[in-house]
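Peer 1: what follows is a predicted protein model with its sequence.
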Amino acid sequence: VRAIFDTSATTRWSEAAFSEVRGYPRTACFHDQRLVMGGVSASPLTVWGSVTADLFNFERTGLDDGSFVYELAATESSPVAWIFSQSRGLIIGTEAEEWLMQGNEGQPLPPTSIDAMRKTSYGSDPQRVILAGGSVIYVQSGGFALREYVFDFATQNFTSPDILELADHLPAGGIRCIAYAKKPVPTLWVVTNSGSLLSCTYRRGEGGTLVAWSEHATAGTFLWVSVLYNEDESDDVWLTVERDGVSRIEQFSPNHLQ
């Protein structure tokens, strides 16, 4: 504790990026040993990255391992909905567009040479994003389409095909949440706002992409789905189900809910 140097008024001050006034990040991920955040209401298109290997240090040193602040040059001021780390760079979904952020020539992100490019313009719902094989799966803005963000080697660019295109009648009321089980068969799980449960056998390989949708019924309403990975032959699929006005946590099996 020491005496204050000067108590007179000054114009040299700065406001914290995150606060009750400016808002807090709506999404975050880890990328290249950095904590990356975005979606603050006062700065909807700004992305913050921490110091490398020091996740809670956001000191801007100007060095390659220092923190960075970057604002997307978007045509629409739609806020960042999600951020996801992938081998080709940092994928950022706003409510109007999808972006790829990387260092120059595909190098790790340095504060002095960040390159962010718009790849698609479908828009994203602010929901959880999952990695299924090598594809990033996200819910399109509005909640009625489920898209995969994948690199197309033929065009050397990212594309976002709708994997619900042939089953767009299933997500009645829109999509509430998604999850992904790797075993025994790669499966996407979807809970809709109307309370139904959907599953999609999803496999992308050299021979093409397998997408097969199913709908599951129960004596109640599905509220949420989550997957727990384990070392057994199959992953555990857990659901929140409302029955007779009571919400229950139940485990899914191919034959019945437990």
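Peer 2: Done, it's in.
Peer 1: where's the lowest-mean-pLDDT helix or strand in the chain relative to the chain centroid, distance-wise?
Peer 2: Every helix and strand in the chain was compared by mean pLDDT, DSSP states H and E; the lowest is strand 157-159, with a mean of 82. In terms of CA atoms, centre = their mean, to the nearest Å, the centre of strand 157-159 is found 17 Å from the chain centre.
Peer 1: helix or strand right after it?
Peer 2: Heading C-terminal from strand 157-159, the first helix or strand you meet, by DSSP states H and E, is strand 175-181.
Peer 1: I'd like to know which elements that next one is packed against.
Peer 2: Secondary-structure packing of strand 175-181 (3 or more CB pairs under 8 Å, 6 or more residues apart in numbering; DSSP states H and E): strand 130-132, strand 135-139, strand 187-192, strand 221-228. (C-beta placed from N, C-alpha, C; glycine too.)
Peer 1: residues in contact with the least confident helix or strand of the chain?
Peer 2: 98, 100, 119, 120, 149, 150, 151, 152 (CB atoms under 8 Å, 6 or more residues apart in numbering).
Peer 1: pull out the buried members of these.
Peer 2: 98, 100, 119, 120, 149, 150, 151 (16 or more other CB atoms under 10 Å).
Peer 1: and the residue nearest the centre of the protein?
Peer 2: Residue closest to the average C-alpha location in the chain (CA atoms, centre = their mean): residue 129, at 3.3 Å.
Peer 1: from memory that one sits against residue 135, does it?
Peer 2: No. The pair residue 129 and residue 135 does not pass the contact test of CB atoms under 8 Å, sitting 10.7 Å apart.
Peer 1: just give me the neighbour total for residue 133.
Peer 2: 16 (other CB atoms under 10 Å).
Peer 1: and residue 219, what element?
Peer 2: With DSSP H and E as criterion, residue 219 is part of no helix or strand.
Peer 1: how much space separates it from residue 83?
Peer 2: Residue 219 sits 39 Å away from residue 83, going by CB to CB, to the nearest Å.
Peer 1: flag the shaky bits of the stretch 101-250 of the chain, pLDDT-wise.
Peer 2: Applying pLDDT under 70 to the stretch 101-250 of the chain picks out residues 105-106, 205-208.
Peer 1: hmm, back to that, which parts of the least confident helix or strand of the chain are buried?
Peer 2: Buried residues in strand 157-159, defined by neighbour count with 16+ other CB under 10 Å: residue 158.
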